[in-house]
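Enquirer: my questions concern the predicted model and sequence given below.
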Amino acid sequence: MMKKTKKGKIIVSAVLMIFVISAAAMVFNNKNERVNENANEGTPKRTSEHKHVTTNISFDHIHGLGYTNDGNRLIVPAHDGLRIFEDERWKKSENAQHDYMGFSITDEGFFSSGHPAPDSDLKNPLGIVKSDELGAEIQTLTLYGEVDFHGMAAGYYSNAIYVMNPQPNSIMDRPGLFFSTDEAANWTNSSAKNVDGQAASLAVHPKNEKSAAIGTDKGAFLSIDNGNQFEQVLSDAPVSALSYTFDEKLLVGSMRGTAELSILDLESLEVKEVEIPSINEEEFITYIAANPKNKDVIAYSTSENNIYVSNDSGESWDPIAVKGKGVENK
């Protein structure tokens, strides 16, 4: 493993600062985010030969990524509702423009937390809600009007929900890692043993409700017992993003001087590095999404509000958002 440079330590601080400000990151210590604004020029290396045209779709912040069950639509939550990328085109959801946080897409829709749109009758914060994939029907589940979870993830098919609870509330009596396997009706506190560092990312296996991963400033940690015991599977690098694939792998966004994307085989624990476009030295990966219908399709977003998509397992990449502006590939 490469050693962390002074610059790397600065990036770590940036990753954690964003997470702390937005989500009250969990701290564990036990052993038992430059691309040119014009999308038609200055495109980073390792992209395809497509022409990239700027659209009127924009977002100040990206709060998640996820593919719908048919594999055709990439959903991107922002401060003011959902953005949808489909058939190489961008559009904005016509449904309520809620500020979704802790966004976790599933095969039937998504779970989320966050804040309601200014013109909404919903309570603030949302607690945990369930929705269809485009946000047309919102169902409140728990802690409605009480908690905004930013550190939250759900199993794509299992619907198991894991949260990093920042402080005691009416259901969870302490800060820490909690999980529910019945759509937030009941919660169990996980021990989170052997996780070291300050948490910045969380992911849940698509099918196995017992399997979850946490990324911290010390690396990536994997659990197969509902988050009670973790094993460190990536060390010596801060991990800013995690996402399970649908073929027993874990996608890991980390930082060693510059942003890196890796694929961890969950059976052998072997790590494969994926070459990604050259990006700003202070830019890091914020979210990663695997496609449920095509294992070759991967998407990731960055701290500069750039989004890249690969259709060939990372051999080439297309930017579909540059500096918070949606782009379309011609």
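Expert: Arrived safely, thanks for sending. Residues are numbered from 1 along each chain as shown.

Enquirer: contacts, neighbours, all on C-alpha from now
Expert: OK.

Enquirer: might one say that E260 is in contact with I276?
Expert: Yes: using Cα atoms under 8 Å, E260 is in contact with I276, at 7.3 Å.

Enquirer: where does the protein have low pLDDT?
Expert: 1-26, 29-50 (pLDDT under 70).

Enquirer: all helices of it, in order?
Expert: Along the chain, the segments classed as helices by DSSP state H run 6-23.

Enquirer: can you tell me the centre-most residue of it?
Expert: Note on the chain: the residue nearest the mean C-alpha position is Y287, at 3.5 Å, using Cα atoms, centre = their mean.

Enquirer: in the sheet, who's paired with it?
Expert: Beta-bridge partners for Y287, by DSSP bridges, are S301.

Enquirer: give me phi/psi at G151?
Expert: Torsion angles at G151 (phi, psi; degrees, to the nearest 10) stand at phi -90, psi 90.

Enquirer: next, count neighbours for the residue nearest to E270 when sequence neighbours are not counted.
Expert: Once flanking residues are discounted, E270 sits nearest to L264: 5.8 Å by Cα to Cα, 6 or more residues apart in numbering. Using other Cα atoms under 10 Å, L264 is surrounded by 21 other residues.

Enquirer: and the gap between L264 and S104?
Expert: Look at L264 and S104: by Cα to Cα, to the nearest Å, they are 21 Å apart.

Enquirer: am I right that V163 is in contact with L177?
Expert: Yes: taking Cα under 8 Å as the definition, V163 is a contact partner of L177 at 5.8 Å.

Enquirer: hmm, back to that, run through the residues that contact the residue nearest to E270.
Expert: L264 is in contact with K249, L250, L251, V252, E270, V271, K272, counting by Cα atoms under 8 Å, 6 or more residues apart in numbering.

Enquirer: most neighbours out of those residues, which is it?
Expert: V252 leads the contacts of L264 on contacts (other Cα under 10 Å) with 28 neighbours.

Enquirer: that residue and I138, how far apart?
Expert: 31 Å.

Enquirer: and if you look at F28?
Expert: Relative to I138, and taking Cα to Cα, F28 is found at 33 Å.

Enquirer: for F149, same thing?
Expert: Distance, F149 to I138, using Cα to Cα: 16 Å.

Enquirer: which of these two has more neighbours?
Expert: F149 (26 against 16).

Enquirer: for the more buried one, which non-adjacent residue is spatially closest?
Expert: Distances taken as Cα to Cα, 6+ apart place S113 nearest to F149, at 5.5 Å, with adjacent residues excluded.

Enquirer: counting neighbours, what do you get for that neighbour?
Expert: 29.

Enquirer: same deal with G151?
Expert: Neighbour tally, G151, other Cα under 10 Å: 26.

Enquirer: leaving out chain neighbours, which residue sits closest to it?
Expert: With Cα to Cα, 6+ apart, the residue lying closest to G151 is M164, at 5.1 Å.

Enquirer: now A192
Expert: N228 (4.6 Å).

Enquirer: what's the local residue count around that neighbour?
Expert: 18.

Enquirer: list the contacts for D225?
Expert: K210, S211.

Enquirer: what's the burial count for D121?
Expert: So D121, with other Cα under 10 Å, has 8 neighbours.

Enquirer: same check, this time on G145
Expert: 15.

Enquirer: how about the one 10 residues further on?
Expert: Burial measure for G155: 26 neighbouring residues, criterion other Cα under 10 Å.

Enquirer: before we move on, what about F59?
Expert: The number of residues packed near F59 is 20, by other Cα under 10 Å.

Enquirer: who touches it in this structure?
Expert: F59 makes contact with A78, H79, N305, G324, K325 under the criterion Cα under 8 Å, 6+ apart.

Enquirer: try T106
Expert: So T106 contacts T68, N69, A154, G155, Y156, Y157, N159 (Cα under 8 Å, 6+ apart).
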